[in-house]
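*Asks:* the sequence and its predicted three-dimensional model are supplied below.
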Amino acid sequence: LAPILPIPLGMYNYVYGVTNVPYLDFAGGIFLGSLKPYLLDSYLGYFGKTVVDGTAASATEDVVLLVALGASVLIGVFASQLAGETWESVQEEVE
């Protein structure tokens, strides 16, 4: 649900602090949600460095990059669908 809330990212911690979200669920969600961008950003940085340095990338590195990008897109699509369904169920409960 967090991707569709119109608040800055830093405010999520405060919002979840005043809700009934259990601590382990919150910590697990933050941890898992943070892995994807950190891993993808670090790998893209490594890939960019090899391009700038002119070192040849192996076919294995290209496959890993494509798989990482594909997984990132799939996770993003799944998370967006889940957030949309959750938001709709919240709206139904409110009405």
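*Replies:* Looks like it arrived, so ask away.

*Asks:* what comes up buried for the helix or strand of the chain with the lowest mean pLDDT?
*Replies:* Between all helices and strands in the chain, the lowest mean by mean pLDDT, DSSP states H and E belongs to helix 12-17, at a mean of 73. Neighbour counts using 16 or more other CB atoms under 10 Å place Tyr12, Tyr16 of helix 12-17 among the buried residues. Where you see a C-beta, it was placed from the backbone N, CA and C, and this is true even at glycine.

*Asks:* output that helix as PDB, restricted to C-alpha atoms.
*Replies:* Coordinates of each C-alpha in helix 12-17 appear next as PDB, following Å, rounded to 0.1, in the frame of the first residue of the first chain:
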ATOM      1  CA  TYR A  12       6.300   5.900   6.300                       C
ATOM      2  CA  ASN A  13       8.100   5.000   9.500                       C
ATOM      3  CA  TYR A  14       6.000   7.500  11.400                       C
ATOM      4  CA  VAL A  15       2.700   6.500   9.800                       C
ATOM      5  CA  TYR A  16       3.300   2.800  10.500                       C
ATOM      6  CA  GLY A  17       4.400   3.700  14.100                       C
END
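
*Asks:* now the helix or strand just after it: average pLDDT?
*Replies:* Downstream of helix 12-17, the next assigned helix or strand under DSSP states H and E is helix 23-53. Helix 23-53 shows a mean pLDDT of 79.

*Asks:* which helices and strands does helix 23-53 pack with?
*Replies:* Under the contact criterion of 3 or more CB pairs under 8 Å, 6 or more residues apart in numbering; DSSP states H and E, helix 23-53 touches helix 59-94.
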